[in-house]
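*Asks:* Output the structure for:
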Amino acid sequence: MVGSALLRRLEAEGFSNLPTRDRSELDLTDEHAVRGFFRQERPDAVIFAAAKVGGIKANSDFPVEFLLDNLRIQNNVIEAAHEIGVRKLLFLGSSCIYPKFAPQPIPETALLTGPLEPTNEAYAVAKIAGIKLCQAFSREYGANFISAMPTNLYGPNDNFDLETSHVLAALLRKAHEAKKSGARQLVVWGTGKPRREFLHVDDAARACLFLLETYDSPEIINVGCGEDIAIRELAELICEVIGFNGELSWDTTKPDGTPRKLLDVTRLKNLGWQPTIPLREGIARTYEWFVKNVAG
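*Replies:* The predicted structure is shown next:
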């Protein structure tokens, strides 16, 4: 999702020399293959968006894979980028790096100040290790390796698999299928009380290019819209956009995850960046893409 949005944005900005490989062409967990790619292409700048990702269920079921795969991917890419002298690297972390009960909105200084949310701890630990590796290369070798922490992203090419998807994509698919089948009820995990922040992936791509051009500090920087919404309100909004008129039912045997996760984006806004896609419009665009490309 993020990679394709970055390519769309780069091409729209006139960039043409964009060496890429998809998963079938390059296994980022393979150190030898990654070094070979970097030595062959010798990129000037790297936006590092690749990761093994998933929602609460996937993170809870496969902590070993989420930790080991992401550590391997990060170590291989960051080390290879340094080896060939990449001018600048942008590492994309995640808002889940912050403590479960971090102050809200969450400032960048909250990193490593408390326990993590247990349901995605393995993924968060891997991402924190990636941040620290970038900072270590900056401190020891003077590398211009920066790290951005996006909030919850959504949009075209999101993962809509109900077993592994994040909340917005999962709700969108559930509402679509409920409407299609004529169901009277849509079951949603948890209580609906947790609050989450959502940023359209096209805005995230704009922010990445902005940071490549304007930001050179090894200190992490949050990327978000600065507004959050309760999961219950999100579910209602998605049903409204899609046209599902049934009832919402809450499965409180399922976990809520972190009570609230809203990023403090003061640092980014002070640099002059603002998001452009409101949540309702973003959901409508995403649903249009889903109907054309996934629902069939």
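
*Asks:* I'd like the next helix or strand past the helix or strand of the chain with the lowest mean pLDDT.
*Replies:* Across the helices and strands of the chain, mean confidence by mean pLDDT, DSSP states H and E is lowest for helix 56-61: a mean of 80. Note on helix 56-61: by DSSP states H and E, the next helix or strand toward the C-terminus is helix 63-83.

*Asks:* buried sites along the least confident helix or strand of the chain?
*Replies:* Of the residues in helix 56-61, 56-60 count as buried by neighbour count, 16 or more other Cβ atoms under 10 Å. C-beta coordinates here come from the backbone N, C-alpha and C atoms, glycine included.

*Asks:* again with stretch 154-173
*Replies:* Those would be 154-160, 164-173, for stretch 154-173 by 16+ other Cβ under 10 Å.

*Asks:* Assign Thr244 to helix, strand or coil.
*Replies:* Not quite, residue 244 is Phe, not Thr. coil (DSSP: H, G, I helix; E, B strand; the rest coil).

*Asks:* Quick check: it vs Leu111, distance?
*Replies:* Counting by Cβ to Cβ, to the nearest Å, the gap from Phe244 to Leu111 is 39 Å.

*Asks:* can you give me the helices in this protein?
*Replies:* Taking DSSP state H as the criterion, the chain contains helices spanning 2-12, 31-41, 56-61, 63-83, 121-141, 167-181, 201-214, 231-242, 266-270, 279-290.

*Asks:* Turn the ones you listed into a markdown table, including distance to Ala102.
*Replies:* Below are these laid out as a markdown table (distance: least, Cβ to Cβ, whole Å):
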| stretch | distance to Ala102 |
| --- | --- |
| helix 2-12 | 23 |
| helix 31-41 | 33 |
| helix 56-61 | 18 |
| helix 63-83 | 21 |
| helix 121-141 | 12 |
| helix 167-181 | 19 |
| helix 201-214 | 21 |
| helix 231-242 | 18 |
| helix 266-270 | 15 |
| helix 279-290 | 22 |
